[in-house]
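> The following block contains a protein sequence and its predicted model.
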Amino acid sequence: MIAYRQGWRGSGKLLQNHEFSLLGDSASAPASLLNATVKDPDLLPGHLLADEKHTRFHGEKAYVATIVAKECILGVGLADTAGTEDLTQSYAHFKEEALNLKPDYQPKTVNTDGW
């Protein structure tokens, strides 16, 4: 499972009291997956793919919301449900990270599977 300290955010109860690190236990783990993968704000992709995958997290059903482009995972969020509110909150973390990197960023397209 892709997760890292500070940047792995979810929509609710599943992440309470859990910390994970893809990059190890270093206190210097990045606060943003997007900032760790895109160094130049002008290289933010214009075309994105957003999709969620159902999985299990500590024995409970959960949904991993992902944002990808150019064969790279740019954002990951965990949602308790596949409901609009939970998935919107999970996907909103990518938007926040992108706007922190480039305040006027707006993708040209976002391909979804119909959620």
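On my side now, so go ahead. Numbering: from 1, shown residues only.
> alpha carbons only for contacts and neighbour counts from here, please
Noted.
> Excluding covalently adjacent residues, which one is nearest to the residue at minimal distance from the centre of the chain?
In the chain, the residue lying closest to the centroid (Cα atoms, centre = their mean) is Val76, at 2.2 Å. The shortest distance from Val76 to any non-neighbouring residue, by Cα to Cα, 6 or more residues apart in numbering, is to Thr66 (4.6 Å).
> Was I right to think the one you found contacts Ala92?
No. Counting by Cα atoms under 8 Å, Ala92 is not a contact partner of Thr66; they are 10.9 Å apart.
> picking up where we left off before, neighbours around the residue nearest to Val76, how many?
The tally of other residues near Thr66 (other Cα atoms under 10 Å) stands at 19.
> pull the longest helix from this structure.
Scanning the chain for the helix with the most residues, using DSSP state H, yields helix 84-101.
> Quick one: list the elements packing against that one.
The contact analysis (3 or more Cα pairs under 8 Å, 6 or more residues apart in numbering; DSSP states H and E) places helix 84-101 against strand 9-10, helix 33-37, strand 60-69, strand 72-79.
> Recalculate using a threshold of 10 Å.
If you count contacts as 3 or more Cα pairs under 10 Å, 6 or more residues apart in numbering; DSSP states H and E, helix 84-101 packs onto strand 9-10, helix 33-37, strand 47-57, strand 60-69, strand 72-79.
> Listing request: residues of the chain with sub-threshold pLDDT.
1-31, 115 (pLDDT under 70).
> Relative to Thr109, how far out is Lys39?
Separation of Lys39 from Thr109 (Cα to Cα, to the nearest Å): 21 Å.
> Please report how far Pro103 lies from Asp42.
11 Å.
> Skipping adjacent residues, who's closest to Lys70 in space?
Using Cα to Cα, 6+ apart, the closest residue to Lys70 is Pro45 (7.6 Å).
> quick one: the one you found from Glu85, how far?
26 Å.
> So if I had to pick from those two, which one is more boxed in?
Set Pro45 next to Glu85 and count neighbours by other Cα under 10 Å: Pro45 wins out with 17 against 11.
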